[in-house]
Every structure is written in C-alpha cells, then in structure tokens.
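K.L.:
Just the structure for this:
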Amino acid sequence: SELNKKANQFAHYILNNFDVQNSNIAILLNRSVNIYIAMLAVLKLGANYTLVDPKLPIDRIKYMIKNSNTSLLISDLEMSKELEFDNIVNFNNINANYKTTNLNIKINAESPCCVIYTSGSTGTPKGVILTHKGIVNMVNSYNKILKTDTLKSFLSISTVSFDMFAVETFVPLLNGKKIILTSNTEQNSPLEWQKLITENNIEFILTTPSKIELLLLDSINSNCLKNVKVIQLGGETFTNLLYNKLSKVTNANIFNGYGPTESTACCSTKNVSIDNISTIGKPFCNTNIYICDKTLNLLPVGIIGEICVSGDGVSLGYINNKEMTAKSFVHNNFNNSIMYKTGDLGKFNSSGELEYIGRRDNQVKLRGLRIELSEISNKINSIDGINNSVVVIKKVNGIDSLCAYISTSTNISVNKIKKCLKQFLPDYMIPNFYSFIDNIPLTLNGKVDFRKLPEISVKLTNNNEDLSNLSDTLSGIFFFITVSFSTLSINS
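P.N.:
Take a look at the predicted model:
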C-alpha cells in the first residue's frame, strides 16, 4: 500500500542517518496521515514512539522528551524549535529516492511499542510502556469480542496522546481497514463528526460518554449514528439514561469498555445492547482480572476490592520510574506473572461480570481523561504566595467541574494562577472554579476533610459588581453559554 511504502521510505531515511534501534522517538505532528507514516516508520526500525500533542504546554513536552530518553524528535512544526532539543528530523525530509521495501529488522513481542503519558500523583506525568504483544492482544480481543475485523471504516477523534488513539489506530490498521482521522478543527466539533460519519459510512466509533452526548444534543446530528454498527464508550461512567437516548437513534451494538492505559487501553468490555449496562463485562483474551483486598488476597463474588489485571496486555511499567513501577506492578501469585494494581474498586457479580465502583485514591476521570488531582494541587502549591491547596471534582450547577480550594498568604488573582498553571498543565487539567479559604479543613488524623469544603455555586445576576467579582470563575463557561451548536465542542 501507499502508506506502507511511505513508512518504509521514512524508516530507510532515519536508518541511514541516525542510530535509533531500541530507543524512544518522539513524534510531534499535527493531525494528518503523516502521524501514521511516522508511527509505522519508528516501529519498523525496532524503536518505540511517544506521540506528543502539539497543544500541550512546552514545559510538559520538554519533560516527556527528557523522561522518555528520546533519541530523536520527528516534527515539522515551528514550535519544535522552542524545545531546545538537538536531534530533530523534519518530517518533510522524506525522499522519494529512498527504498520502499520493508526493513529486515526482527522485533521481539515483549519489546516496547510506545510510551503513553498519563497524569501522575507526584506532579509530573508518568510514561506507560506498552508492548507489541499488548497491542496485538488488544486488536485480537476487539476482533473476537466486538467483531471489528468485519467492519470497514473507523472514525478517529481521540487526542493523539490518549490511549484510545492506540485503539483507533491499530485495530483498523492491523485489519487492513479505513481510518477517517479528524483534523485539528474537526476533532472537537460534533457538526464535523456528523458530516464525516455520514459521508464516509463510518461503522465503528470509540469515544467517551461526554463526547457522544454532544452528538445527541441535536436530533439532526444524532441521525448520523443510525448506520453505525459498533459504538464503544469508555473512560467515564456509562449511565442507563445515556444508553436509552443512544439506543433510540442507532441499531449499533453498543459496548461499555473498561481499562487503564497500563492494560493497553482496554481489558474488559460488555455488549450492553444485549443486557443492562450495570457491568463492564468480562476480561479480554489472554487477560485475568482479580478483585483483591489490601494484602492482595482474592475476595469472594459480590465483595468490593481493588481491580487487579494480569495477562498479555499489561504494560512494562513506567519509564524511568522504578519506584512507581514496583508499587503498581506486583508479582501475581495466582499464575506466576506480573499483575497491575489499577487503584479502581470493583466486584464480580454472580454472572462472572465485573462491576466498576470507583477510585480508591484521588485519581479521577473527567470527560474521559485521567487526572491526578494531586498533580494539579502540587503545581498550585509551587506558585509564590500560596500556602496550600486541594483540588476536587464537584458538580457546579449540575456540571462536573474541577474546583480548586486555595489558602494564600498574599493577594493573588485567579488569572495569575491560571497563567502559571498553563505553563505546566494541559487545558483539561486547569481548574474551572477557585475558592480562597483561610485554611484547608482537616480531619482528626490530619487528612483533608472534603466534607467541610464550602460548596461552589454560580448565579448569573444583573449586578455589575457581582459579575465583576465572578469574572475569573465564569470565564470558563461563558463560551458554553454563547456558542452556537455548530462550534460546540467537548472543551466548551
């Protein structure tokens, strides 16, 4: 195919000019077919890649490049010059004179395929190392359970640095199917999704409940789903209310999916079109899921414990973070393998299906994106003049929102805090609301007393003074109030 030939040419170019085998190569490109060419070229070289979203803050990108021991950066963007990284190859240097033949480089199934960064509790993101075996097992599981090998066209709307993008990429590619990749502008526009789904006869969609809700806001837009054959939702709670709305506009098989990045994006799923959606189904192929107590003993059916995963999809751990890897990836006494402690709570029901209960720590998912709340508060605490802070998710006027409670020793504006945070955190991790309090309330044992944090509410009034005081708080939702549907997006 043309894609394979171009990937081979780029791989031969890199091979002739750089020594990169078994190393990490970062890819910083806008959303286009060039991303796939670069990914495949890297894998053909026996190297592994890290996809970097150009929208991320420069300091976060710098950290990812340094932490992953990046040997080479593939980019064609001007912003790459700001990264102060010497070994940059311009993607446009693909030369038609280079060979189009496949490279004869043997790759071990256990070797790294890619590094995906997720939010970290220490204030810096963690790089999860996925293997070739894990990717292949994930694709085989999708084929067996979701019958994706029978489908023809797949829509890709996930952020490139999100683990869902690996599913959207490798499931169709390894099955020889068509991918419709949304552009930078199309990625967050439900109106554009509707056009792409209709015009390209899309048969498979993987996304979060929040994003599918946007398509359901308008009956004309949701009409595009009637001929889709498989819809899988994950990353957030999939409610019965959403299922009822979705099932009215499509005859697709609808799946509820579950799985952290550390288990190669997905490790269990349930066809909720056949049954209710109270569970996240049964494990993927070559995957075992256990419900364990704090000392990793198995718990009986119906008893809540930590969800632990073992099998072919379990990653190699966190790159250059032995301490965190040893804490989360432990020996599995049940079948002499490595087991990942997810930090999620769940239980098995009498039918052998897994029910998700929630998190046991302060890691959360908001609109499908995994967030360590302590990472945000650590960044807030590093700002001069701030004594302490705590970040939580609260419903503000019915909408799940990131709320920061801050204790300061000086007067500091919300705008200044946001400006500082945007240097280090992606937009989805910037709190929507801020409350300044004298002290963070604590329980008797010295932990944050979340019950005593004041409620946050926003009331629109005609009082100019009141609106002025709320200007910083409201800035994040004004767009949602005034935008037309054609430009409404998940970030609105």
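K.L.:
List the contacts of the most centrally placed residue in the chain.
P.N.:
With distances taken as C-alpha atoms, centre = their mean, F162 lies nearest the centre of the chain, 3.4 Å away. By C-beta atoms under 8 Å, 6 or more residues apart in numbering, the contact set of F162 is I116, G368, L369. (C-beta placed from N, C-alpha, C; glycine too.)
K.L.:
what do you get if the cut-off is 6 Å, keeping everything else the same?
P.N.:
Going by C-beta atoms under 6 Å, 6 or more residues apart in numbering, F162 touches no other residue.
K.L.:
Just the pLDDT at it, thanks.
P.N.:
If you check F162, the pLDDT there is 91.
K.L.:
now N491
P.N.:
Confidence score, pLDDT, at N491: 43.
K.L.:
same deal with N93?
P.N.:
pLDDT, N93: 77.
K.L.:
Could you give the average pLDDT over stretch 167-184?
P.N.:
97.
K.L.:
Let me fix that, I meant to ask about stretch 143-155.
P.N.:
Per-residue scores along stretch 143-155 average to 98.
K.L.:
One more: stretch 418-429?
P.N.:
For stretch 418-429, the mean confidence score works out to 92.
K.L.:
try stretch 395-402
P.N.:
Stretch 395-402 shows a mean pLDDT of 84.
K.L.:
what comes up buried for it?
P.N.:
V396, D400, S401, L402 (16 or more other C-beta atoms under 10 Å).
K.L.:
Excluding chain neighbours, what is closest to the second one?
P.N.:
Put plainly, it is D400. I393 (5.6 Å; C-beta to C-beta, 6 or more residues apart in numbering).
K.L.:
Past the helix or strand harbouring the one you found, which element shows up next along the chain?
P.N.:
Taking DSSP states H and E as the criterion, I393 maps to strand 386-396. Sequence order places strand 399-408 as the next helix or strand after strand 386-396, per DSSP H and E.
K.L.:
Run a quick neighbour tally on K152.
P.N.:
15 (other C-beta atoms under 10 Å).
K.L.:
From N140, how far out is it?
P.N.:
Distance, K152 to N140, using C-beta to C-beta, to the nearest Å: 19 Å.
K.L.:
Just the angle for the strand holding I393 relative to strand 399-408, thanks.
P.N.:
160 degrees (axes from the mean of the first three to the mean of the last three C-alpha atoms, to 10 degrees).
K.L.:
Now do strand 386-396: which elements does it pack against?
P.N.:
Packing partners of strand 386-396 (3 or more C-beta pairs under 6 Å, 6 or more residues apart in numbering; DSSP states H and E): helix 373-381, strand 399-408.
K.L.:
I'd like the ones you listed written out as JSON lines, with distance to C267 added.
P.N.:
Shown next, in JSON lines, are the helices and strands packed on strand 386-396 (distance: least, C-beta to C-beta, whole Å):
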{"stretch": "helix 373-381", "distance to C267": "24"}
{"stretch": "strand 399-408", "distance to C267": "25"}
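K.L.:
winner for burial among the ones you listed?
P.N.:
Most buried of those, by mean neighbour count (mean count of other C-beta atoms under 10 Å): helix 373-381, with a mean of 21.
K.L.:
Now do it, average pLDDT.
P.N.:
Per-residue pLDDT over helix 373-381 has a mean of 85.
K.L.:
contacting residues around that helix?
P.N.:
Helix 373-381 has contacts (C-beta under 6 Å, 6+ apart) with S119, G120, S121, G123, N362, I386, S389, V390, V391, L421, F424, M429.
K.L.:
now the residues you listed: which count as buried?
P.N.:
Judged by 16+ other C-beta under 10 Å, buried ones among these: S119, G120, S121, G123, N362, I386, S389, V390, V391, L421, F424, M429.
K.L.:
where does the first one land on pLDDT?
P.N.:
On pLDDT, S119 comes in at 81.
K.L.:
who touches it in this structure?
P.N.:
Taking C-beta under 6 Å, 6+ apart, we find S119 in contact with R370, I371, E372, E375.
K.L.:
Could you rerun that using 8 Å?
P.N.:
S119 neighbours (C-beta under 8 Å, 6+ apart): P125, K126, Q363, R370, I371, E372, E375, M429.
K.L.:
Could you do I74 as well?
P.N.:
Counting by C-beta under 8 Å, 6+ apart, I74 has contacts I25, A26, I27, L28, L29, A38, V42, I88, V89, F91.
K.L.:
partner residues bridging the second one?
P.N.:
Legend: beta-bridge partners of A26 under DSSP bridges are T50, L73.
K.L.:
if we can go back for a sec, out of the contacts of helix 373-381, who's nearest N104?
P.N.:
Ranked by distance to N104 (C-beta to C-beta), the contacts of helix 373-381 are led by G120 at 38.4 Å.
K.L.:
and the closest one, that one's in a strand?
P.N.:
No. The assignment for G120 by DSSP: H, G, I helix; E, B strand; the rest coil gives coil, which leaves it out of any strand.
K.L.:
For it, which non-adjacent residue is spatially closest?
P.N.:
That would be K126: by C-beta to C-beta, 6+ apart, it lies 4.3 Å from G120.
K.L.:
re the thing from before, just the buried residues from the contacts of S119, in PyMOL please.
P.N.:
This is the PyMOL syntax for the buried subset of the contacts of S119, where burial follows 16+ other C-beta under 10 Å:
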select buried, resi 125+126+363+370+371+372+375+429
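K.L.:
can you redo the contacts of S119 as TSV with distance to K99 and secondary structure?
P.N.:
Formatted as TSV, those follow (distance: C-beta to C-beta, whole Å; DSSP: H, G, I helix; E, B strand; the rest coil):
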residue	distance to K99	secondary structure
P125	37	coil
K126	38	strand
Q363	46	strand
R370	41	strand
I371	44	strand
E372	45	strand
E375	45	helix
M429	43	helix
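K.L.:
so V42 makes contact with N48?
P.N.:
Yes. Contact criterion C-beta atoms under 8 Å: V42 and N48 qualify, at 7.0 Å.
K.L.:
neighbour count winner among those two?
P.N.:
Under the criterion of other C-beta under 10 Å, the comparison of V42 against N48 puts V42 first, with 27 against 24.
K.L.:
So for that one, what's the nearest residue that isn't a sequence neighbour?
P.N.:
Y49 (4.3 Å).
K.L.:
That neighbour and N30: what is the separation?
P.N.:
Distance, Y49 to N30, by C-beta to C-beta: 16 Å.
K.L.:
These two: which has the busier surroundings?
P.N.:
Neighbour count, other C-beta under 10 Å: between Y49 and N30, Y49 has more, with 26 against 14.
K.L.:
per-residue pLDDT, the more buried one?
P.N.:
Here, the pLDDT recorded for Y49 equals 98.
K.L.:
residues contacting it?
P.N.:
N24, I25, A26, I27, A38, M39, V42, L43, C113, C114, V115.
K.L.:
Equivalent analysis for D149, please.
P.N.:
N143, N175.
K.L.:
now swap in E168 and tell me
P.N.:
Counting by C-beta under 8 Å, 6+ apart, E168 has contacts F154, L155, S156, I157, S158, I179, L206.
K.L.:
Checking E82 next. Helix, strand or coil?
P.N.:
helix.
K.L.:
Just want to check the distance between the nearest residue in space to it that is not next to it in sequence and E78.
P.N.:
Computed as C-beta to C-beta, 6+ apart, the closest residue to E82 that is not its neighbour in sequence is I58, at 5.4 Å. I58 is 12 Å from E78, where distance means C-beta to C-beta.
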